[in-house]
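Enquirer: Pasting the sequence and the predicted model now:
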Amino acid sequence: MKKIKHLLVAGAVLAVVAVVAVAGFSQGSAAQVPAIKTAAAPAPVALIPANFESLAKLARPAVVNIRTVKTIHGGGPVFRHFFGSPFGNQSPFEEFFKPYGGRSQERDLKQQSLGSGFIIDRDGYIVTNNHVVDGADRIRVHLADGKQYDAEVVGRDANTDLALIRIKADEPLTPIAMGDSEVLNVGSWVVAIGSPFGLEQTVTAGIVSAKGRVIGAGPYDDFIQTDASINPGNSGGPLINMAGEVVGINTAIVARGQGVGFAIPINLAAEVIAQLKNSGAVSRGWLGVGVQDLTEELNDYYGLGKTDGVLVTQVFEEDPAEKAGIKAGDVILEVNGKTVASGRALSLAVAGVGVGKRMSVTVLRDGKKKTFQITTTRREDGAARADGDDGPVMEKSGSFGLALSPLTPEAASHYGYDSQEDGVLVTGVEPGSPAHKAGVQVGDLIKEVNRKPVATPGDAFNGLKGEGKDASVQILVKRSRAGFIVFKLEGKERP
């Protein structure tokens, strides 16, 4: 089987329905194993549900089919997916949309697309994917009983690909129950109900294949992977556990893959949905730090052993972390008592706290744990740092072979750094020098020399020259898009 290279959003919306009954389990025939001493043979184990009929019947009223019409300006259909455009001008979604009016023409056209959703209360609020309704001129909701209503968008959140829409029905609607995705186990049975390829109220079943999947969809990736059959048209529908509760929102599939689908955990979606319902928009907490996952080299550099956590690489001025006392070089271990093992986990934890909320952050500093109480806020752009003496300076002969300069706003923009960052920019590396042999590159930002922060070229040069003859020096650099790297420069005899 060819290696799958691209992950695609399930183009038309997935309608997965939550069901509220537990189907019976068939009793598998247990092999007769001779008893060992006085132990009895094991009892039969319930493995496969006998059927999903009860779940399907109970969930059906809450699952909806969503049809949208979008105006495509300038010709050619627009196909929404999370992962950029690795296919150039040709989209793999085109084959999915052809039956519904998608055609490549150099003129404005109306494109129809399909998706799914589920009702969350009697007042007509419906959850679906953002990519299902994004840019739609008209949204039409089809209920299980055949009734149809126009819907309006209450709010959308592109970062999690969630949207909340609403219809005004003639009578109270039947909502679906919400579950707990945190307690969902790998191997658990789940059911999806939706409208794949326009086939409304299609029921598929499978198991949870994995949790916590990161697929490059956005900054808050934390997907449930399932092998329940999911196809274009299922997007936005619910993924249901055997208690008939929604545990996920079906969102993405693997291109040309079978049995590999992804759903947004309902616990992640719940806070987003609540904010969309209350205000039509989502605001997330901001701590005010730049972080990086710990590597083996960084653990050794800071003497952390095998500590789980994330390294604080930058603290933004006047933001909550700085005001509370967090410093660059701290290792964040916990947020509100929960372990933080990666930058993604930290982002999810802080985002979940919300804006203006108080949170407890535990860090490791100089081998000791410290806990800070921090009130989150929104990030505000700071003023650019004023730098002087911005000409590059090359070390004298007999050195490590580096040309350094202060980080100017222009250089920061060019190399992808924040203009307020502390550090010294590498503007030249002498071929064959210790710095060149170690792997230092032009554009690297030197943050520390032998664990001492540097703010000017003079600071860096003093640190590099202060070790004497045949010395080795460790430098901590930040490289755009690669994060923090530790280099060991082998010194050579100085005159």
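Expert: Everything's here; your move. Numbering: from 1, shown residues only.
Enquirer: Isn't residue 266 up against residue 176?
Expert: No. The criterion here is CB atoms under 8 Å, and residue 266 misses it with residue 176 at 10.5 Å. All C-beta spots, glycine's among them, are computed from the backbone N, C-alpha and C.
Enquirer: and residue 205, what is it in contact with?
Expert: The contact partners of residue 205, taken as CB atoms under 8 Å, 6 or more residues apart in numbering, are 49, 52, 189, 190, 191, 192, 228.
Enquirer: In CSV: those, plus secondary structure and neighbour count.
Expert: CSV is the format used below for the contacts of residue 205 (DSSP: H, G, I helix; E, B strand; the rest coil; neighbours: other CB atoms under 10 Å):
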residue, secondary structure, neighbour count
49, strand, 18
52, coil, 20
189, strand, 21
190, strand, 24
191, strand, 26
192, strand, 30
228, coil, 25
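Enquirer: now the residues you listed as TSV including distance to residue 366?
Expert: Shown next, in TSV, are these (distance: CB to CB, whole Å):
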residue	distance to residue 366
49	55
52	57
189	49
190	47
191	52
192	51
228	50
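Enquirer: returning to that earlier point: which residues are in contact with each of residue 266 and residue 176?
Expert: Any residue near both residue 266 and residue 176 by CB under 8 Å, 6+ apart counts here, and that gives residue 246.
Enquirer: any idea which of the contacts of residue 205 is the one closest to residue 291?
Expert: Distance to residue 291 across these (CB to CB) is lowest for residue 190, with 33.2 Å.
Enquirer: Please, which helix or strand holds residue 200?
Expert: Residue 200 belongs to no helix or strand when assigned by DSSP states H and E.
Enquirer: That one reaches residue 143, doesn't it?
Expert: No. In terms of CB under 8 Å, residue 200 does not count as a neighbour of residue 143; the distance is 9.9 Å.
Enquirer: follow-up on the earlier one: show me which of the contacts of residue 205 has the smallest pLDDT value.
Expert: Lowest pLDDT within these is found at residue 49 (71).
Enquirer: Could you report the distance from that one to residue 206?
Expert: Applying CB to CB, to the nearest Å, the value for residue 49 to residue 206 is 11 Å.
Enquirer: Residues that sit against both of those two, list them.
Expert: Residues within reach of residue 49 and of residue 206 at once, by CB under 8 Å, 6+ apart, are residue 189.
Enquirer: List the contacts of the residue lying closest to residue 162 once chain neighbours are set aside.
Expert: Among residues not flanking residue 162 along the chain, residue 272 sits closest, at 5.1 Å (CB to CB, 6 or more residues apart in numbering). Contacts for residue 272 (CB under 8 Å, 6+ apart) come out as 157, 160, 162, 282.
Enquirer: What sits closest to the first one if chain neighbours are left out?
Expert: Translated: residue 157. Using CB to CB, 6+ apart and skipping residues adjacent in sequence, the residue nearest residue 157 is residue 282, 4.6 Å away.
Enquirer: my read: that neighbour touches residue 158, true?
Expert: No. Using CB under 8 Å, residue 282 is not in contact with residue 158, being 9.5 Å away.
Enquirer: residues in contact with residue 369?
Expert: Shown in contact with residue 369 (CB under 8 Å, 6+ apart): 333, 362, 363.
Enquirer: who wins for neighbours among those residues?
Expert: Within the contacts of residue 369, most neighbours by other CB atoms under 10 Å means residue 363, with 22 neighbours.
Enquirer: Touching, that one and residue 335? I think so.
Expert: No. Applying CB under 8 Å as the test, residue 363 and residue 335 come out as separate, 10.3 Å apart.
Enquirer: gap between the helix or strand containing residue 426 and the chain center?
Expert: Secondary structure assignment for residue 426, by DSSP H and E: strand 424-429. Distance of strand 424-429 from the chain centroid (CA atoms, centre = their mean, to the nearest Å) equals 33 Å.
Enquirer: for the next helix or strand after that strand, which positions count as buried?
Expert: Per DSSP H and E, strand 424-429 leads on to helix 434-438 as the next helix or strand towards the C-terminus. Burial within helix 434-438, assessed by neighbour count using 16 or more other CB atoms under 10 Å, is assigned to 434, 435, 436, 438.
Enquirer: Out of the contacts of residue 369, which is nearest to residue 247?
Expert: residue 333 (29.2 Å).
Enquirer: That closest one contacts residue 363, doesn't it?
Expert: Yes. If you go by CB under 8 Å, residue 333 and residue 363 touch, sitting 6.3 Å apart.
Enquirer: Quickly list what's touching both of those two.
Expert: With CB under 8 Å, 6+ apart as the test, residue 333 and residue 363 both reach 309, 369.
Enquirer: domain assignment for the chain?
Expert: Segmentation of the chain into domains, based on automatic domain parsing, reads 1-23+48-281, 289-375, 393-490.
Enquirer: Please identify the most buried of these.
Expert: Greatest average neighbour count among the domains of the chain goes to domain 1-23+48-281 (a mean of 20), per mean count of other CB atoms under 10 Å.
Enquirer: before we move on, the earlier item: am I right that the residue nearest to residue 162 is in a helix?
Expert: Yes. Counting by DSSP: H, G, I helix; E, B strand; the rest coil, residue 272 is located in a helix.
Enquirer: can you map out the helices along the stretch 101-250 of the chain?
Expert: 130-133 (DSSP state H, counting those that start in this stretch).
Enquirer: Tell me which stretches of it form strands.
Expert: Counting by DSSP state E, counting those that start in this stretch, the stretch 101-250 of the chain has strands at residues 109-119, 125-129, 138-142, 148-150, 152-157, 162-166, 177-178, 189-194, 202-213, 223-226, 238-240, 245-254.
Enquirer: Out of the ones you listed, flag the one nearest residue 316.
Expert: Among the strands of the stretch 101-250 of the chain, strand 152-157 comes nearest to residue 316, with 23.7 Å by CB to CB.
Enquirer: Pairing partners for that closest one, with directions?
Expert: As defined by DSSP bridges, the strand partners of strand 152-157 come to strand 162-166 (antiparallel).
Enquirer: could I get the partner strand in CSV with only the CA atoms?
Expert: The C-alpha coordinates for strand 162-166 follow below in CSV (Å, rounded to 0.1, in the frame of the first residue of the first chain):
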residue,chain,number,x,y,z
LEU,A,162,-16.1,24.4,14.5
ALA,A,163,-19.3,26.4,13.6
LEU,A,164,-22.6,26.9,15.3
ILE,A,165,-25.7,27.6,13.2
ARG,A,166,-29.3,28.0,14.1
